[in-house]
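In: Give me a model of this one.
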Amino acid sequence: GDSWGIFTFLCAALCQLPALPALNCTEELGTSQSIQKTYDLTRYLEHQLRTLAGTYLNYLGPPFNEPDFNPPRLARAERVPSATVDLDLWRGLTDNARLAANYRAYSRLLCYLRALDGQAATADLRHRLGHFCSSLQGLVLSIAGVMSSLGYPLPVGPVVGPPTGPPSSPLVVAPNDFLKKMDDFWLLKELQTWLWRSAKDFNRLKKKVPPAVVTLRLEARGF
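Out: Coordinates of the predicted model:
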């Protein structure tokens with residue numbers, strides 16, 4: 001009838017139109033998901049470290065496992081990346097600068113922790129340290145993924161991957177057992193502070209990036 005005739009006419013008319021740019025709608029979730037994953041991993045590592053630190057400090061013995069033990073930071077401990085930076089100064093940095101600082105710090109901290117793993121006296125402690133090192137390696141790679149998704153260059157630093165040989169401590173060998181334990185104490189203390197601050201960093205960053213960014217791209221056909 002008339003309806004079929006109108007439909008046939010419209011189809012014929014559309015076929016005669018010149019090729020037009022097609023509208024391609026792409027939903028980009030990569031950046032948002034990457035930031036959320038990194039935030040979740042940071043919080044998981046915070047929880048994991050609380051248990052690991054308690055076990056390791058008990059392994060070191062007194063006074064390191066005493067709740068009120070708060071020694072001054074020795075000059076040799078300055079080799080461990082410090083998270084004790086003024087919060088206002090830290091927040092004043094760009095997202096790129098904070099991400100780069102996190103990446104470099106965790107890359108170095110991972111090297112130190114692998115050295116602890118090789119020196120631990122008990123099989124259970126070595127297992128716990130090895131598991132934590134694997135999780136921390138995942139955090140470093142996750143931070144690199146966030147930087148890449150935001151278009152930031154990766155900082156120049158050590159390649160993070162599975163150890164290919166026996167671990168060696170990046171710190172200068174301590175002259176006595178007490179100073180060696182002090183190095184280990186400060187390593188765990190700084191790592192706790194880094195994870196606490198990183199969780200806040202990624203929580204703020206994920207609020208800046210909407211959960212779903214829909215972009216429209218024009219793809220010309222026939223041109």
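In: How about the contacts made by Leu109?
Out: Val80, Pro81, Leu136, Leu187, Glu190, Leu191, Trp194 (C-beta atoms under 8 Å, 6 or more residues apart in numbering). Just so you know, the C-beta spots here come from the backbone N, C-alpha and C atoms, and that holds for glycine as well.
In: And these, which is closest to Ala123?
Out: Nearest to Ala123, judged by C-beta to C-beta, of the contacts of Leu109 is Leu136 at 20.3 Å.
In: for the protein, what helix or strand is lowest in average pLDDT?
Out: Ranked by mean pLDDT, DSSP states H and E, the weakest helix or strand in the chain is strand 22-28, scoring a mean of 36.
In: returning to that earlier point: so which of the contacts of Leu109 is surrounded by the most neighbours?
Out: Of all the contacts of Leu109, the most densely surrounded is Leu191 (26 neighbours; neighbours counted as other C-beta atoms under 10 Å).
In: And the pLDDT for the residue nearest to that one when sequence neighbours are not counted?
Out: The shortest distance from Leu191 to any non-neighbouring residue, by C-beta to C-beta, 6 or more residues apart in numbering, is to Leu109 (5.6 Å). As summarised for this prediction, Leu109 has a pLDDT of 93.
In: again with Pro72
Out: Pro72 carries a pLDDT value of 79.
In: With Arg79 instead?
Out: Confidence for Arg79, expressed as pLDDT, is 72.
In: ok, it - how many residues close by?
Out: 15.
In: where does the chain have low pLDDT?
Out: Within the chain, the segments meeting pLDDT under 70 span 1-29, 75-78, 157-174, 211-223.
In: which residue sits closest to Leu150, ignoring its sequence neighbours?
Out: Going by C-beta to C-beta, 6+ apart, Leu150 has Thr31 as its nearest residue, at 6.4 Å.
In: Ok, Ala53 next?
Out: Of all residues not flanking Ala53 in the chain, Leu188 sits nearest, at 4.8 Å (C-beta to C-beta, 6+ apart).
In: Relative to Thr84, how far out is that neighbour?
Out: The spacing between Leu188 and Thr84, counted by C-beta to C-beta, to the nearest Å, is 14 Å.
In: who's more crowded, the two?
Out: Neighbours were counted for Leu188 and for Thr84 using other C-beta under 10 Å; Leu188 has more, 22 against 10.
In: tell me which element the more buried one falls in.
Out: If you go by DSSP states H and E, Leu188 is part of helix 177-208.
In: do Ser134 as well
Out: Per DSSP H and E: Ser134 is located in helix 123-149.
In: any idea of the angle that helix forms with helix 177-208?
Out: Going by axes from the mean of the first three to the mean of the last three C-alpha atoms, to 10 degrees, helix 123-149 is angled at 40 degrees with respect to helix 177-208.
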